[in-house]
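K.L.:
have a look at this fold, sequence not included:
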């Protein structure tokens, strides 16, 4: 069977636009002689649709579009993810996350999702009921076992501890499926593609069946979908691999022999960079922003964000602002200007000093002669935020926040100051990873000036300030944070590895008490298994301390 | 049986503090001759604990504290909400939201929650597995049917459409329960108490059993728990009702006759006001803030928030700042000063004009001679935000955001400007409701000056500006918003009621496109069935428009 995989990029809620994409891909498949054309999970409404699913008018529009699409089908099969509804059902939502198989002018078969994920960034139990039945469908001399994303992630032989008691794909194997098809929308995290390859290879080898794993691509606010759809033969060998972080279209022939593909993931630096470029680009494209704005401090974070913006939107669409104060080092401007020249972008330089002095003057009575403290530092950061937002408002720029994950974790950032922005582009990238990515960018020659890379990190909000006056060394900090956040290690486990329990306690406390800042942060582009935002939910007011 | 209900206020994560509260209430119950002492759902860890539940050290601490408490029990029974864990379980989390019944030094019986809510503000499927079994427990000549919150909200006879296929309380009735006990943590929304009364009365009348419904009280960041625990006799008559928005303790004797209580809810104005006062107070108390700060504009919203702050923290702990500009009306200061006098609070008056002019001067080149627009308005709001945050930082004030629900819904607010603050105190109160509450406050004499109540709402960010230049009349706007948000009506249904479909479309569009602002707002104290924040989840980047 010749199966066309349409690894396309939907817009959540844009049902008409997504429908057009489905019809375009379907017709391309027909022209290319495919027997079956496959689109990812919930492609018709975009994933994740969140509470849009609770709107009846929205569900009706999706269901009507499904019928419209089906009417236009020939004998070539078309599978895409959509919403279905059981209006008779008196218990639960009666709404399903489904794969529709259409041909000959009708929806011929529907398989709904059986395993409804509800952890990390997933909230699907909020909307969807599990499938009432798992079936296979006879089509062109094959028995298709169609499943949806999570359905294939519960193999009893592969996982020691499982989330669900049933295995719908195993059921389809038992029902005599000859080809497995999984339509998916699986949010990106570095390392996950390797795991996916390993797990799916194990499964297809065990079940002796070919598998088409069709993935979404594109960014949806904070969530990035990396594409990289996979086709396996019945020996667990990966035969075809979709492009990462790009739309792709290709045909897999289950009767053909393929060379095995072994490498599925590039280096962290390359992957993360491409993920973030797509993340920013899709935010801009899907919201209608043409141009981006970055506040350039002379430090490495804003330099990286500027580079990402240039890659995402083109150098003619990126504007930066340097906003020196009396605490800014000479290098902060000189190094920024070098970067601006290297990237070929436009810039402004606007001092914050006169406004800062005016603010201090106006507030001095209300400050009641209290000594200088973090207040004055925050005022500087907030004037910068105010400048940036003013330029964003005046010229319609998308403002990129530049904070990294180490800062967001520890609260080493000013709310309404450097945290301003529509999108926290590198909010899921630790400081030590920022260096790695920048070195990768510079691998063939200096793009981000070495002066920026080599200087000691500083917020430059008071005299001779260095990040390391307040924070543990970044190498140590990031190790602790990674264990605490992504690996979800306990305090005692972290102490056992790190040794220095005082530092561990201090870091964990910083993370815990800064929940209030992160509540008000811009959405964070997610590239790890645990990013700040939607997938991590802690009470702001709480007394748990280790 | 004499049952003491401990309607206390826990702090999420403060396991030791909550444990002390349990022991104190238990000993009080013993002294008062109770047979059984009952605490609300998850009282030992506080509700909702959110992702703290995913920390093993946290769960272990809760489980150990449960054992510690049990060891201290006599023959008097003690029921409280806690976490239990099945370490052998290989499928799912193995973690349960449970009621522990302790006496004679041990946990004698555990009933876990069967119905796991996962809608609106509830995410419990993320953490908890449903009970494997529903049982009753024989104790002091009674068969106790113990259930947890949602368990009692799925009666087949009462609800036309149910969320779950099973009814654990019905099961306990069939098992011969003689007393029903439900421990609960049910977030407040105006109107819900009446529904609760109605539904529980129906249930107890039908089942011919007395019911103890023990509720949480207190605020947990945005969620307010109103207390008002209820005890019913076996004829569905409400015999005892706990205080609303206060801790309470009382003893219900299942053998005694009581007069029936018919009124369970006060007026919207009184209820909402008390809810918000408790909400702000608990945020401050539980995070350690002593003093609050409000930016006083001369408008009704900031006047109401200031009044709430005074009630919550005492007049000596509330400070306000007036921040006039050249667009401020004469009244904005005069009226504010009258309010300050009426409330007896301290204040500052700091003009934003000099800073505004300096900012405009610094940005004029970068503005490239573009005409004045919303940018200049936002700059004013952001300078005010900057002043307020500076005073908050310098003096340790809790900054209260003053935006109402109508503004948050339509995006009629400046991000990083008037949206600054730790808590959006009236972010779930429509503008028309703000008036109602203020009139209620003034019912026995003017506290909030009539000049503030009677002036036309204005942001005063440009000459002669009025809210109604941009927004539909508030009466109309709020009707549309309430249908769209709380009642979750569809566009067509709203048009059918309102008639003016252009205005409806415009309002719905404003709500939909301002998701990005609300993502970065302070937590909103919830008093309706659908507040902005945790219980309402829409994609920021999305193309759905009606």
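P.N.:
Good, I have the coordinates. The structure displayed is predicted, hence computed values, not measured ones.

K.L.:
only C-alpha atoms from now on, for both contacts and neighbour counts.
P.N.:
Fine.

K.L.:
tell me if the host helix or strand of residue A:379 is near chain B.
P.N.:
For residue A:379, the host element (DSSP states H and E) is helix A:374-395. Yes. Helix A:374-395 reaches chain B (C-alpha under 8 Å from any C-alpha of the partner chain) through A:374-376, A:378-379, A:382-383, A:386-387, A:390-391, A:393-395.

K.L.:
how far off centre is that helix?
P.N.:
Taking C-alpha atoms, centre = their mean, to the nearest Å, one finds helix A:374-395 lying 27 Å from the centre of the chain it belongs to.

K.L.:
one step back: out of the residues of helix A:374-395 next to chain B, which are buried?
P.N.:
A:375-376, A:378-379, A:382-383, A:386-387, A:390-391, A:393-395 (16 or more other C-alpha atoms under 10 Å in any protein chain shown).

K.L.:
number of nearby residues for the closest residue in space to residue A:495 that isn't next to it in sequence?
P.N.:
Nearest non-adjacent residue to residue A:495, counting by C-alpha to C-alpha, 6 or more residues apart in numbering or on different chains: residue A:501, 5.2 Å away. Number of residues near residue A:501 (other C-alpha atoms under 10 Å in any protein chain shown) recorded here: 15.

K.L.:
need the pLDDT of residue A:501.
P.N.:
The model reports residue A:501 with a pLDDT of 95.

K.L.:
thought residue A:508 was touching it, still the case?
P.N.:
No. Residue A:501 is beyond contact range of residue A:508, at 10.4 Å (criterion: C-alpha atoms under 8 Å).

K.L.:
check which helix or strand covers residue A:337.
P.N.:
If you go by DSSP H and E, residue A:337 is part of helix A:330-343.

K.L.:
could you point out which element follows that helix?
P.N.:
Heading C-terminal from helix A:330-343, the first helix or strand you meet, by DSSP H and E, is strand A:346-349.

K.L.:
does that next one reach chain B?
P.N.:
Yes. Against chain B, strand A:346-349 shows contacts by C-alpha under 8 Å from any C-alpha at residue A:348.

K.L.:
same list (the residues of helix A:374-395 next to chain B) but as JSON lines, adding pLDDT.
P.N.:
Output for the residues of helix A:374-395 next to chain B, formatted as JSON lines (pLDDT from 0 to 100):
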{"residue": "A:374", "pLDDT": "97"}
{"residue": "A:375", "pLDDT": "98"}
{"residue": "A:376", "pLDDT": "97"}
{"residue": "A:378", "pLDDT": "98"}
{"residue": "A:379", "pLDDT": "98"}
{"residue": "A:382", "pLDDT": "98"}
{"residue": "A:383", "pLDDT": "98"}
{"residue": "A:386", "pLDDT": "98"}
{"residue": "A:387", "pLDDT": "98"}
{"residue": "A:390", "pLDDT": "98"}
{"residue": "A:391", "pLDDT": "98"}
{"residue": "A:393", "pLDDT": "98"}
{"residue": "A:394", "pLDDT": "98"}
{"residue": "A:395", "pLDDT": "98"}
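
K.L.:
format the buried ones among the residues of helix A:374-395 next to chain B as TSV; extra columns: distance to residue A:442.
P.N.:
What follows is these, written out as TSV (distance: C-alpha to C-alpha, whole Å):
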residue	distance to residue A:442
A:375	37
A:376	36
A:378	33
A:379	34
A:382	32
A:383	32
A:386	32
A:387	30
A:390	33
A:391	30
A:393	33
A:394	34
A:395	31
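
K.L.:
can you list the residues of the stretch 301-450 of chain A near chain B?
P.N.:
Residues of the stretch 301-450 of chain A lying near chain B by C-alpha under 8 Å from any C-alpha: A:348, A:350-351, A:354-355, A:358-359, A:362-363, A:366-367, A:370, A:373-376, A:378-379, A:382-383, A:386-387, A:390-391, A:393-395, A:416, A:420, A:422.

K.L.:
quick one, helices of the stretch 1-150 of chain A?
P.N.:
Listed in chain order, the helices of the stretch 1-150 of chain A (DSSP state H, counting those that start in this stretch) span residues A:15-31, A:56-71.

K.L.:
give me the element residue A:444 is part of.
P.N.:
Per DSSP H and E, residue A:444 falls between elements, in no helix or strand.

K.L.:
next, count neighbours for it.
P.N.:
Neighbours of residue A:444 under the rule other C-alpha under 10 Å: 8.

K.L.:
for the stretch 151-300 of chain A, just list every one of the helices.
P.N.:
Assigned by DSSP H, counting those that start in this stretch, the helices in the stretch 151-300 of chain A fall at A:168-174, A:192-207, A:268-287, A:300-313.

K.L.:
list the contacts of the third one.
P.N.:
Outside helix A:268-287, the residues within contact range by C-alpha atoms under 8 Å, 6 or more residues apart in numbering or on different chains are A:11, A:190, A:218-224, A:226, A:245, A:265, A:290-291, A:308-309, A:311-313, A:398, A:423, A:425-426, A:433, A:436-437, A:440, A:525, A:527, B:541-542.

K.L.:
outline the domain layout of chain A.
P.N.:
If you go by automatic domain parsing, the domain ranges for chain A are A:2-265, A:271-467+A:512-519.

K.L.:
in CSV, list these along with distance to residue B:344.
P.N.:
Shown next, in CSV, are the domains of chain A (distance: least, C-alpha to C-alpha, whole Å):
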stretch, distance to residue B:344
domain A:2-265, 45
domain A:271-467+A:512-519, 18
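
K.L.:
re earlier: quick one: the residue nearest to residue A:495 from residue A:408, how far?
P.N.:
For residue A:501, the distance to residue A:408 (C-alpha to C-alpha, to the nearest Å) stands at 22 Å.
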